[in-house]
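Novice: Just need the structure, nothing else, for what follows:
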Amino acid sequence: MRKLLQIGGLLVGCIAGLATPLLAQRTISDARITYKVELPPEQLQMEAMFAGSSMTQYIRGNQSRIDMNFNVVNYIYLINTQSETVVTLMDNHGDKYLIRTDRKGYEQDLKKYQGTQFTDQQETKEIAGYRCRRAIGKNEDGTTFDVFYTIDLLPENKFYNRRFMNLKGIPLEFEIIIKAGSKMKAIATKVDLSPVPASTFDEPKGYKEITQDELKKIRG
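Specialist: Just a heads-up that it's a prediction; the model follows:
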């Protein structure tokens, strides 16, 4: 359970063909992307607990939402790039908590990913109906991760997921660094570009509001 809580915390905040013409690129303001989540080989002992885990990315204008479903522990991140705030919702086996990140905290977190650079590779493949190219992402701390992204779709709001603000398209497969170099993988299974209801970004009821320090104690 502690591993699940730690992994969720690290995700705060969670991607084309080489000859695709520039005119084929479509700027999108609304999207709903569903991903399946795969564990790294060294974490297979937790496979039963993680079975069926998923991630969903919602985008609507200056708002975005990330749902991480780890079965017994679920996270929801509500991100507003206009007000520069984040609301984190955690459901830990029925214990529900809400944590707010103000503008100062938002800007501090944003700085972590401003220096992330992506280097394109030759490898390409099709994911969820889109041709994707591989890139290697490198964070300022030197850690690297793989990503396959489509240049056919360009987010109108590049801060919808701050990890990918410097990526030239939408990521449809990517690695998530979880601990000591271990990486889990999110792979898109469906891309829906229909309008996302505004209610998707409403704060749900029934969550107890706590501070960041209280959250750290819960995660151990």
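Novice: neighbouring contacts of the biggest helix by length in the chain?
Specialist: Among the segments of the chain that qualify as a helix by DSSP state H, the longest is helix 103-114. The set of residues external to helix 103-114 that reach it, using CB atoms under 8 Å, 6 or more residues apart in numbering, is 12-13, 83-86, 101, 139-140, 159, 162-163, 165-166, 212. For every residue, glycine as well, the C-beta is placed using N, CA and C.
Novice: if I pick residue 62, what's in contact with it?
Specialist: By CB under 8 Å, 6+ apart, the contact list for residue 62 reads 80-82, 157.
Novice: In space, what's closest to it - neighbours in sequence excluded?
Specialist: The spatially closest residue to residue 62, leaving aside those adjacent along the chain, is residue 82, at 4.3 Å (CB to CB, 6 or more residues apart in numbering).
Novice: Next: residue 26.
Specialist: Leaving aside its sequence neighbours, residue 26 sits nearest to residue 153 (CB to CB, 6+ apart; 5.8 Å).
Novice: Out of the contacts of helix 103-114, list just those in strands.
Specialist: Where these overlap with strands, as defined by DSSP state E, the overlap consists of 85-86, 101.
Novice: Now the buried members of those residues.
Specialist: The neighbour-count test (16 or more other CB atoms under 10 Å) applied to the ones in strands among the contacts of helix 103-114 identifies 86, 101 as buried.
Novice: JSON lines please, covering the ones in strands among the contacts of helix 103-114 and showing distance to residue 58 and pLDDT.
Specialist: Output for the ones in strands among the contacts of helix 103-114, formatted as JSON lines (distance: CB to CB, whole Å; pLDDT from 0 to 100):
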{"residue": "85", "distance to residue 58": "16", "pLDDT": "95"}
{"residue": "86", "distance to residue 58": "14", "pLDDT": "96"}
{"residue": "101", "distance to residue 58": "18", "pLDDT": "93"}
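Novice: Quick one: low-confidence residue ranges for the protein.
Specialist: Under the criterion of pLDDT under 70, the regions of the chain flagged as low confidence span 1-24, 41-50, 179-181, 219-220.
Novice: so where do the helices sit in it?
Specialist: For the chain, the helices defined by DSSP H cover 2-10, 47-50, 103-114, 212-219.
Novice: I figured residue 170 was touching residue 148, is that so?
Specialist: No. Here residue 170 does not reach residue 148: they are 10.3 Å apart, not a contact under CB atoms under 8 Å.
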